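In: sequence plus the predicted model coming up.
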Amino acid sequence: MPVPVPVTLLYGGLNALLITILGMLVSKARAAADVGVETPVPKEMIRAVRAHGNAIEWVPLGLVLLLAIELSGAGTRFTLHLAGGTLLLARVLHAVGFHGRNKLSMVGAALTYLVLAAMSVWAIAIRFVQYGP
């Protein structure tokens, strides 16, 4: 019987869509610039490549933490959605800011750090509350 993890499924799917869109933007930029995989990345493509790469670097950690917390049974639906929704919002803001060359990228990055730190502390607290020292 499968273990129900509806909140993580939702934010895993939404973040995967975001990463897919960011990857498609990189592919589109590569095609427009006629740049292959082995060719150095031109300056005009760096933002698209880093927006995608940055999401790939941070989203999995957030989803693993969200899944662990959801599986522990310690979070309410509201708190899990708050954490998952904040992670998604942070990554969207970062990507939009990166592509638009504006301060939203810094807001998204700061929000990412904040939600990951909160989920990290939450996961550590769950471990000690549920299982003792």
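Out: Here it is on my side, so go on. Residues are numbered from 1 along each chain as shown.
In: check what pLDDT the residue nearest the centre of the chain gets.
Out: For the chain, the residue nearest the mean C-alpha position is V59 (2.7 Å; CA atoms, centre = their mean). On pLDDT, V59 comes in at 98.
In: residues in contact with it?
Out: Residues in contact with V59, defined by CB atoms under 8 Å, 6 or more residues apart in numbering, are 15, 18-19, 87, 91. The C-beta positions use only the backbone N, C-alpha and C, and glycine is treated the same way.
In: where's it, which helix or strand?
Out: Under the criterion of DSSP states H and E, V59 resides in helix 46-72.
In: for the helix or strand following that helix, give the mean pLDDT please.
Out: Sequence order places helix 77-100 as the next helix or strand after helix 46-72, per DSSP H and E. Across helix 77-100, pLDDT averages out at 96.
In: tell me the helix or strand right after helix 77-100.
Out: By DSSP H and E, the next helix or strand past helix 77-100 is helix 104-131.
In: in that next one, which residues are buried?
Out: Counting neighbours by 16 or more other CB atoms under 10 Å, one finds that the buried residues in helix 104-131 are 104-105, 107-109, 111-112, 115-116, 119, 122-123, 126.
In: off-centre distance for that helix?
Out: 12 Å (CA atoms, centre = their mean, to the nearest Å).
In: packing partners of it?
Out: helix 46-72, helix 77-100 (3 or more CB pairs under 8 Å, 6 or more residues apart in numbering; DSSP states H and E).
In: tell me who's in contact with A68.
Out: Shown in contact with A68 (CB under 8 Å, 6+ apart): A123.
In: ok, the nearest residue to L25 once chain neighbours are set aside - how many residues close by?
Out: Once flanking residues are discounted, L25 sits nearest to A48: 5.1 Å by CB to CB, 6 or more residues apart in numbering. For A48, the neighbour count with other CB atoms under 10 Å is 22.
In: surely A48 and V26 touch.
Out: Yes: the pair A48 and V26 qualifies as a contact (CB atoms under 8 Å) at a distance of 4.9 Å.
In: below-threshold pLDDT in the chain: ranges please.
Out: Judged by pLDDT under 70, the chain has its weakly predicted residues at 1.
In: before we move on, back to that, give the buried residues for the helix holding V59.
Out: 47-52, 54-55, 58-59, 62-63, 65-70.
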